[in-house]
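Have a look at this prediction, sequence included:
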Amino acid sequence: MTVTALPITAHPAVEGGLQLEVTNVSAQTDSIVSITLADTSGARLPSYVPGSHLVVQYGSGVNAYSLTGSGNGPSEYTISVLRVEDGAGGSVAMHQLAVGDRVYVSRPRSAFAPASTATHHLLIAAGIGITPVLSHARSAADRGTTSSLIYLHRPGAGAHVKEARHLLRRGLTDLIECRDRTSFRTILTDLLKAQNLGAHLYVCGPAAFMDSVLEEARELGWPETRLHSEAFGSAELDEGEPFTVHDKVATSPRGRSHEAAARPSSRARNAPLCVPAPGKIPAP
């Protein structure tokens, strides 16, 4: 895309929004790129609550993408986009953006804000779902509230891992990386049982995934007031999945980073599922 590709008129979903310029495009994985947007004048952008998203116009279509920042007085917005070859075309168009291109975006929107009374935030992410969860983790660190994160992703497909690791000891008490669903479910169950009163769980992703996570939490006695989810989509948006996310929460010794390795299901309960992740910050 080029600056000349900017639509002449804004889509109704971004009316009253902003016209921003692409200032950076960087690869997170082979299929995920991060795109940074800023005001052409360098002015600060509207603040937003963690878990917010932007609606971005590409040609005549629009799609929504989660913001990854804390939302506190931003001078730029960063989103990450998973390329979906058989989607409605939005992700492919976004992957074609280059520095200098300009796009219409809505002002930040949110239906996935953190609970102000939470004493701990349990964050669970899979794949591109790390984006709204990273926003929550950054905001919690800024506010001095603790959070913990389980990140489920395929080998080589984890986005924003380095950024999440940088939050260790700044409020993120745990980062557990899981490579398969079996170890993920085992860790999730154990950690849901271990949470103290006042912890809140945040989940965002495909409907079936969210349903399974929320159902397990309910079975373990979590009240509805401590469960938060967002069905990402809007009738005003084009068909397609703006992002594919799975989010979850976990807690273990303070400040640790782990990788959860695959284990046969019959041995899962007894196997050492967590090993130190590369680049971890050692536990005290």
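Sure, I can see it. Numbers count the residues shown, from 1 in each chain.

for this protein, what spans make up the helices?
With helices called from DSSP state H, the chain shows them at 90-95, 130-143, 161-166, 181-194, 207-219.

Quickly compare these and say which is most buried.
When you average the neighbours per residue for each of these (mean count of other CB atoms under 10 Å), helix 130-143 leads with a mean of 26. To be clear about C-beta, it is placed using only N, CA and C from the backbone, and glycine gets the same treatment.

could I have that one exported to CSV, CA atoms only?
The C-alpha trace of helix 130-143 is given here as CSV (Å, rounded to 0.1, in the frame of the first residue of the first chain):
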residue,chain,number,x,y,z
ILE,A,130,-1.4,-12.3,23.3
THR,A,131,-2.3,-8.8,22.1
PRO,A,132,-5.1,-7.7,24.4
VAL,A,133,-3.5,-9.7,27.2
LEU,A,134,-0.2,-7.9,26.8
SER,A,135,-2.1,-4.6,27.1
HIS,A,136,-3.6,-5.9,30.4
ALA,A,137,-0.2,-7.0,31.7
ARG,A,138,1.5,-3.7,30.9
SER,A,139,-1.3,-1.6,32.5
ALA,A,140,-1.2,-3.8,35.6
ALA,A,141,2.6,-3.2,35.9
ASP,A,142,2.1,0.5,35.5
ARG,A,143,-0.5,0.5,38.3
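
I'd like the average pLDDT over that helix.
Per-residue confidence for helix 130-143 averages out to 92 on the pLDDT scale.

how many other residues sit next to the closest residue to Ile32 other than its chain neighbours?
Beyond its immediate neighbours in the sequence, the residue positioned closest to Ile32 (CB to CB, 6 or more residues apart in numbering) is Ala159, lying 4.7 Å away. Neighbour count for Ala159, taken as other CB atoms under 10 Å: 26.

residues touching Ala159, list them.
Gln28, Thr29, Ile32, Ser34, Ser80, Gly127, Ile128, Ile130, Thr131, His153 (CB atoms under 8 Å, 6 or more residues apart in numbering).

Mind doing that once more with 6 Å?
With contacts defined as CB atoms under 6 Å, 6 or more residues apart in numbering, the neighbours of Ala159 are Gln28, Thr29, Ile32, Ser80, Ile130.

One more: Ser75?
Arg44 are the contacts of Ser75 under CB under 6 Å, 6+ apart.

rerun at 7 Å
Taking CB atoms under 7 Å, 6 or more residues apart in numbering, we find Ser75 in contact with Ala38, Arg44, Leu45.

Repeat that for Ala10.
Counting by CB under 7 Å, 6+ apart, the residues that Ala10 touches are Gln57, Tyr104.

Now do it against Asp180, distance only.
43 Å (CB to CB, to the nearest Å).

follow-up on the earlier one: filter the contacts of Ser75 down to the buried ones, ChimeraX style.
This is how ChimeraX selects the buried members of these, with burial counted by 16 or more other CB atoms under 10 Å:
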select :38,45
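
In strands only, show me the contacts of Ser75.
Ala38 (DSSP state E).

possible to save the contacts of Ser75 as TSV with pLDDT and distance to Gln57?
As requested, the contacts of Ser75 are arranged in TSV below (pLDDT from 0 to 100; distance: CB to CB, whole Å):
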residue	pLDDT	distance to Gln57
Ala38	98	17
Arg44	97	22
Leu45	98	17
